[in-house]
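Trainee: my questions are about this predicted structure, shown below with the sequence.
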Amino acid sequence: MMRGPRLVLLGKQGAGKGTQALRLSEHYGTAHLSTGDLFRAAARAGTQAGLSAQRYMDVGELVPDEIVIGVVEELFADTKLVERGFVLDGFPRTLHQAEELDRVLGATPLDLVVNLDVPTEIALVRLAGRRVCEDCGTTYHVDLPPAVPWICDVCGGKVVQRDDDTESAILRRLELYERETLPIIQFYRRQQRLVVVAGNGPGAEVFERLVAAVDTFRELCGEP
Ligand code: AMP
């Protein structure tokens, strides 16, 4: 029996990263770790860290590395979680975060980093119409709403537009993605851990491509 893979899913905002990370974690029985979801939950709960993160999130800026790395380090203190495997979604977002992730994982390193690649024009359309469940994070699109208008199919929560899905915050996040996240792609390419998967087309097809990429890579590496 193969253990659950330790994956990072990279991709610009609107690439479908959150949806696919959730599906992958369900498929492999691993944890779905989204730093954005963690910060949003902390902000809703009104914790100090959550409220300071929210100031950056609302305007589309990155939360400072030391805050994000602290949160991730706390998560991975749970060795069972590392054993079970995980899909990281939204982390790392800077080269420093990528280096720190290697340090935190130590002897149980990442198996694979998948870059979910979509053209910016498609990402922009997806982001402008994106709606998200406040409670469980399930995403919808104005063209594909929940069965009962704006009540989440999964948990019955309220489905809303994210505060940072405004035009100016979206443009800022895409600009930051180019600047901060592209060097990470190079970093993982040099480690020979990177695969690129096309993120265009229906979600179910993208998911099949992702699973095929992960399974092929793991077979090649002879994972236990
Ligand atoms: P996401 O849900 O992944 O789009 O993240 C939403 C927002 O949370 C981002 O625009 C950032 O403000 C913040 N955030 C999430 N993950 C990180 C990270 N790894 N580094 C810095 N900021 C982050």
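Mentor: That came through fine. Numbers count the residues shown, from 1 in each chain.

Trainee: grab the nearest non-local neighbour of the residue of the chain found nearest the ligand.
Mentor: Scanning the chain for the residue nearest the ligand gives Gly36, at 2.1 Å (criterion: Cβ to the nearest ligand atom). C-beta: built from backbone N, CA, C; applies to glycine. If the residues on either side of it in the chain are set aside, Gly36 comes closest to Gly90, at 4.6 Å by Cβ to Cβ, 6 or more residues apart in numbering.

Trainee: now the helices for the chain?
Mentor: For the chain, helices defined by DSSP state H occupy the ranges 17-28, 35-45, 48-58, 65-76, 79-84, 95-105, 120-128, 167-176, 182-190, 203-221.

Trainee: out of the ones you listed, which is the most enclosed?
Mentor: Comparing the helices of the chain by mean neighbour count (mean count of other Cβ atoms under 10 Å), helix 17-28 comes out on top with a mean of 20.

Trainee: tell me which parts of the chain are close to the ligand?
Mentor: 13, 35-36, 39, 56-57, 60-63, 68, 90-91, 93, 97, 164, 173 (Cβ under 6 Å from any ligand atom).

Trainee: ok, Pro119 to Lys12 distance?
Mentor: Distance of Pro119 to Lys12, computed by Cβ to Cβ, to the nearest Å: 10 Å.

Trainee: that should have said Leu194, apologies.
Mentor: Distance from Leu194 to Lys12, by Cβ to Cβ: 15 Å.

Trainee: higher neighbour count, the two?
Mentor: Neighbour totals were compared for Leu194 and Lys12, and Lys12 leads with 24 against 19 (other Cβ atoms under 10 Å).

Trainee: surely the residue of the chain closest to the ligand touches Val71?
Mentor: No - assessed by Cβ atoms under 8 Å, Gly36 is found out of contact with Val71, at 11.2 Å.

Trainee: any stretches of the chain with poor pLDDT?
Mentor: 1-2, 223-224 (pLDDT under 70).

Trainee: and if we set it to 80?
Mentor: Where the chain drops to pLDDT under 80, the residues are 1-2, 220-224.

Trainee: show the contacting residues for the residue of the chain closest to the ligand.
Mentor: When the contact criterion is Cβ atoms under 8 Å, 6 or more residues apart in numbering, the partners of Gly36 are Gly18, Met57, Asp89, Gly90.
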